[in-house]
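Peer 1: For reference, the sequence and a predicted model appear below.
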Amino acid sequence: MEKNTFGKFCWIVVLALALNAIETNILRAQVSEEGASVTSQQNETEKITVGVVEDVILNPWGVSFAARIDTGADLSSLDARDLVVRNNVAEFTLGKRWGGRRLQLPVVEWTKVQTAMGTEKRPIVEISICLGSKHFNTLATLKDRSEMLYPFLIGRSALKGNYLVDASLSRAARPICPLHGAKSKDFVATSKE
């Protein structure tokens with residue numbers, strides 16, 4: 001009987017040690033996953049430093065151009081040539097230098113902007129851009145900026161929470177987002193005119 005009891009005891013000890021090893025490996029895997037999750041969250045929340053001029057990509061069209069970072073402006077502003085608004089849809093052309101594409105976007109709202117010439121009413125649309133390694137949607141007014149050096153002005157609301165601006169830099173955050181397809185049926189590109 002003692003031999004049998006001792007043998008059973010040995011098997012119980014071996015099983016207990018094996019279960020303990022398995023539990024330890026499971027805990028290590030969980031800690032590793034949580035650590036990876038925290039690292040991933042830190043990367044997502046890490047702020048990107050941008051300069052006064054940055055290259056951006058307008059998605060889903062993949063149009064790339066230089067943008068002026070303007071912390072004095074709340075909203076962004078996109079160059080919109082031959083702008084026509086019908087049935088709450090803005091239709092406009094990008095400058096020839098940026099492909100001359102004819103685009104359509106739904107108007108989200110309207111805003112009044114004070115200019116040197118008086119007050120203008122401008123449509124606001126939601127656009128999808130890539131700036132640095134971040135891809136996001138932001139609101140932008142549409143305005144013919146053909147007299148301006150940059151076709152796109154990026155305002156505070158687009159930068160808030162994700163970017164730091166260093167006025168001594170330029171082109172500090174190269175756009176490296178994968179090209180995103182349209183996330184909505186509202187993004188429509190028509191042929192060049």
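Peer 2: On my side now, so go ahead.
Peer 1: Every contact and neighbour count from this point should use C-alpha atoms.
Peer 2: Fine.
Peer 1: Tell me the strands beside the helix or strand harbouring residue 130, with direction?
Peer 2: In this assignment (DSSP states H and E), residue 130 forms part of strand 118-131. Its sheet considered, strand 118-131 pairs with strand 53-59 (antiparallel), strand 102-115 (antiparallel), strand 134-143 (antiparallel) by DSSP bridges.
Peer 1: Can I get the first one in CSV? Just the C-alpha atoms.
Peer 2: Coordinates of each C-alpha in strand 53-59 appear next as CSV, following Å, rounded to 0.1, in the frame of the first residue of the first chain:
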residue,chain,number,x,y,z
VAL,A,53,5.2,73.1,-44.6
GLU,A,54,4.3,69.4,-44.9
ASP,A,55,3.5,67.1,-47.7
VAL,A,56,0.1,65.5,-47.4
ILE,A,57,-1.9,62.9,-49.4
LEU,A,58,-5.6,63.6,-50.1
ASN,A,59,-7.4,60.2,-50.0
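Peer 1: between the strands paired with strand 118-131, which gets nearest to residue 124?
Peer 2: strand 134-143 (4.3 Å; C-alpha to C-alpha).
Peer 1: Bridged to residue 142, which residues?
Peer 2: Going by DSSP bridges, residue 142 forms beta bridges with residue 78.
Peer 1: Let's see the pLDDT reported for the closest residue to residue 106 other than its chain neighbours.
Peer 2: When the adjacent residues along the chain are set aside, residue 106 lies closest to residue 89, with 4.3 Å between them (C-alpha to C-alpha, 6 or more residues apart in numbering). Residue 89 is assigned a predicted lDDT (pLDDT) of 97.
Peer 1: that older thread, need the mean per-residue confidence for the strand holding residue 130.
Peer 2: Strand 118-131 comes out at a mean pLDDT of 95.
Peer 1: Settle this for me: residue 153 is touching residue 68, isn't it.
Peer 2: Yes - Residue 153 lies in contact with residue 68 (C-alpha atoms under 8 Å); the separation is 4.8 Å.
Peer 1: related to what we said a few turns ago, how close does the residue nearest to residue 106 get to residue 99?
Peer 2: As for residue 89, its distance to residue 99 is 21 Å (criterion: C-alpha to C-alpha, to the nearest Å).
Peer 1: I'd say residue 101 and residue 91 touch.
Peer 2: No - look at residue 101 against residue 91 with C-alpha under 8 Å: they stay out of range, at 10.5 Å.
Peer 1: For the helix or strand hosting residue 157, list every residue counted as buried.
Peer 2: Element membership of residue 157 [criterion: DSSP H and E] is helix 156-159. By neighbour count on 16 or more other C-alpha atoms under 10 Å, the buried set for helix 156-159 is 156, 158-159.
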